[in-house]
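Visitor: Kindly generate the corresponding structure for this input.
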Amino acid sequence: MAERIAVRARIEGRVQGVWYRGWIVDQATARDLAGWVRNRRDGTVEALFAGPEATVRDMLALCHKGPPAARVTGVTESPAPMPDATGFTQLSTV
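Guide: Below you'll find the model as predicted:
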């Protein structure tokens with residue numbers, strides 16, 4: 001069985017108003033990851049991805065590009081606690 005991990009990512013650049021969160025929900029759901037995504041008032045997007053390590057790493061690599069209208073300038077990753085819930089959701093801005 002693959003090792004499961006949880007990682008929180010903060011994505012910087014032109015990532016709000018370009019369907020970045022919706023794109024993340026679609027991509028994470030297609031990969032059967034658990035977690036969430038939300039805008040932050042500082043203009044970044046924050047996400048938590050949980051699942052098999054290889055799948056989470058693949059999702060993090062995708063975050064460096066994003067959807068076509070996005071312009072990602074940086075992705076900061078940090079370990080996170082495993083979420084209790086399953087599925088992937090979009091949360092309110094913080």
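
Visitor: From now on I want contacts and neighbour counts done on CA atoms only, so please keep to that.
Guide: OK.

Visitor: Just grab the bridge partners of E77 for me.
Guide: In this entry, E77 is beta-bridged to A9, by DSSP bridges.

Visitor: Do you know the pLDDT at M1?
Guide: Note for M1: predicted pLDDT of 62.

Visitor: mind showing which ranges of this structure have poor pLDDT?
Guide: Across the chain, the ranges flagged by pLDDT under 70 are 1.

Visitor: can you rerun that using 90?
Guide: Residue ranges of the chain with pLDDT under 90: 1-2, 84-86.

Visitor: Show me the helices in it, by range?
Guide: With helices called from DSSP state H, the chain shows them at 20-30, 53-63.

Visitor: Which of those helices sits closest to V94?
Guide: Proximity to V94, assessed across the helices of the chain by CA to CA, is greatest for helix 20-30 (13.7 Å).

Visitor: What is the closest one packed up against?
Guide: Identification of packing neighbours for helix 20-30 by 3 or more CA pairs under 8 Å, 6 or more residues apart in numbering; DSSP states H and E yields strand 34-39, helix 53-63, strand 88-90.
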